[in-house]
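S.K.: task: produce atomic coordinates for the following.
(chains A and B, ligands or ions: 1)
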Amino acid sequence: MCLAIPSQIVQIDGHDATIDVAGVRRRTSLMLLEEVQVGDYVIVHAGFAIQKLDAQAALETLALLREAAAAADKDVPS
Amino acid sequence: MNDSSKLFSEDFRDPALARSLLRGIARRADRPMRLMEVCGTHTMAIFRHGIRTLLPPTITLLSGPGCPVCVTDAQEIDAFIALSQHDEVIVATFGDLIRVPGSYTSLQKESAEGADVRVVYSAMDAVQLAQAQPDKTVVFLGVGFETTAPTIAAAILSAQALGLANFCVYAAHKTVPPALSALMGHPAVAIDGFLLPGHVSVIIGLAAYRDFFQAHPTPCVVAGFEPLDLLQAIDALVTQVADGIPALENCYPRAVTDSGNPKARAVMDQVFMPCDARWRGLGPIAGSGLAIRPELARFDAARRFKIAVVEMPPPKGCACGEILIGLKTPPQCPLFRKRCTPMDPVGPCMVSSEGTCAAYYRYHGGTD
Ligand code: SF4
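M.R.: Next up, the predicted model:
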């Protein structure tokens, strides 16, 4: 039921939007999400956009992961 | 723009980073630990990415009551089927539900016998169906957690705005935090940490788990669905367990905030209020369901139709109840792969693509 694939908003018409899901166009409702703009990446569930994805937070998580990975690799006894 | 799409997907699948994370996990997981995911989409993602086979033997991953169709009580399934037997009714539902066996039959079998059962992708499709079929009553089967409930609520509000008299919902929604408390209070259940559901948390936010966490201080980490998301969350849980310092942590901040999605919650609260609900595997849990508010009673199928169902014992030998609370794994069910297969399922955990038995069958060929 959940599309864990990020979808990009390509067009907004009132309460509805056209999204691009890995190259496929679909319709989604925007009734459950505040302040969506064309270009935003959203999570879509059962025909509704339920959250915007935060690029800054994604970058921070990746930076943390790289740090953790570097630390894990350094500690490996050779 | 393409860069962003890569940022939200490929970047979280980097195999080199995954290997390093796995090394860290293997080193820190120095004692046996049982970690439970409470989300059907996590169950599928964990199997699809082969994560179980990559983890050290000290870590046992359990699938909890996170598949909405699986936790739906047999009596509710029987009620859905009873609704489909009304001549004037079109039952609209998400696909997984139609093959779930009730006590005597399934929606699919009833459909073959002439009942009008339609699979829809969104609750909005059911509203449109009601508009197109004014001489029929469309009953949508509302199954799912906090991720799905707002979408059903939005459909009810749309039907109200359209003045539709022939659309209603049989609400069998469930909410996650009360189920976590019920699991912790269960005498036989032993869980060292929870992988909290990503999309439920998108709606309810990290804040919604605080009461549970205070009452049961146990390691809790919100996780996303890419391989690195899952490994990062498992690493966080392992660290909390090893250090003996439980925390409520968010490893999916690109989608989950502390307050969740307030608009979706407002829509949900406008339509639903908490009620007691019965879960397969866990039994009745106070305040774990969502009932349609009295002022919207005309959209409530449970009030519009007299549905009489008798309590029946679960299918003989089916271990779904124990699997849903982590007491058994599918290969420990005597029917697994023998009488029960995805082609001919006995219990809901084998029907739903998010069900644990179906996932084991598909990815492990039936071995542990
Ligand atoms: S294998 Fe089938 S019968 Fe056994 S627990 Fe799973 S769904 Fe139930």
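S.K.: next up, phi/psi of residue 58, please.
M.R.: All of this refers to chain A. When read as degrees, to the nearest 10, the backbone of residue A:58 gives phi -60, psi -40.
S.K.: switch to chain B, please.
M.R.: According to degrees, to the nearest 10, residue B:58 has phi -70, psi -20.
S.K.: please apply the same query to residue B:361.
M.R.: phi -60, psi -50.
S.K.: could you check how far it is from the ligand?
M.R.: For residue B:361, the distance to the ligand equals 8 Å [CB to the nearest ligand atom, to the nearest Å]. To be clear about C-beta, it is placed using only N, CA and C from the backbone, and glycine gets the same treatment.
S.K.: for the closest residue to that residue other than its chain neighbours, give me its contacts.
M.R.: The shortest distance from residue B:361 to any residue other than its chain neighbours is 5.9 Å, reached at residue B:342 (CB to CB, 6 or more residues apart in numbering or on different chains). Going by CB atoms under 8 Å, 6 or more residues apart in numbering or on different chains, residue B:342 touches B:350, B:351, B:358, B:361, B:362.
S.K.: so who does the third one touch?
M.R.: When contacts are counted by CB under 8 Å, 6+ apart, residue B:358 is found next to B:342, B:345, B:349, B:350, B:351, B:352.
S.K.: which SS state does it fall under?
M.R.: helix (DSSP: H, G, I helix; E, B strand; the rest coil).
S.K.: what about the residue lying closest to residue B:276 once chain neighbours are set aside, helix or strand, and which?
M.R.: What sits nearest to residue B:276 in space, not counting adjacent residues and going by CB to CB, 6+ apart, is residue B:286, at 5.2 Å. For residue B:286, the element it lies in under DSSP states H and E is strand B:283-292.
S.K.: distance from the chain centre to that strand, please.
M.R.: The gap between where strand B:283-292 is centred and where its chain is centred comes out at 14 Å by CA atoms, centre = their mean, to the nearest Å.
S.K.: now swap in stretch B:287-303 and tell me
M.R.: Worked out by CA atoms, centre = their mean, stretch B:287-303 lies 20 Å from the chain centre.
S.K.: which outside residues touch that stretch?
M.R.: Contacts for stretch B:287-303 (CB under 8 Å, 6+ apart): B:79, B:83, B:139, B:149, B:156, B:159-160, B:165, B:167-175, B:178-179, B:182, B:268, B:270-277, B:279, B:304.
S.K.: please put the alpha-carbon coordinates of stretch B:243-262 into CSV.
M.R.: Once non-C-alpha atoms are left out, stretch B:243-262 reads as follows in CSV (Å, rounded to 0.1, in the frame of the first residue of the first chain):
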residue,chain,number,x,y,z
ASP,B,243,24.9,0.3,26.3
GLY,B,244,21.8,-0.4,28.4
ILE,B,245,20.5,3.1,27.6
PRO,B,246,17.1,3.1,26.0
ALA,B,247,16.1,6.1,23.9
LEU,B,248,13.5,7.2,21.5
GLU,B,249,15.5,8.0,18.3
ASN,B,250,14.6,9.2,14.9
CYS,B,251,16.8,7.7,12.1
TYR,B,252,14.4,8.9,9.3
PRO,B,253,14.5,12.7,9.7
ARG,B,254,14.1,13.4,6.0
ALA,B,255,10.5,12.3,6.4
VAL,B,256,9.7,12.1,10.1
THR,B,257,9.5,15.1,12.4
ASP,B,258,8.7,15.4,16.1
SER,B,259,5.2,16.6,15.4
GLY,B,260,4.5,14.5,12.3
ASN,B,261,2.0,15.8,9.7
PRO,B,262,-0.5,18.1,11.6
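S.K.: re the thing from before, which of the contacts of stretch B:287-303 fall in helices?
M.R.: B:79, B:83, B:149, B:156, B:159-160, B:178-179, B:182, B:268, B:270-271, B:304 (DSSP state H).
S.K.: in the chain, which spans are strands?
M.R.: All of this is about chain A. A:2-13, A:16-21, A:24-29, A:41-45, A:48-52 (DSSP state E).
S.K.: oops, wrong one, chain B.
M.R.: Here chain B has its strands, by DSSP E, at B:33-37, B:59-63, B:89-93, B:116-119, B:137-142, B:167-171, B:173-174, B:193-196, B:220-222, B:248-250, B:272-279, B:283-292.
S.K.: if anything else comes up later, I'll come back, but that's it for now.
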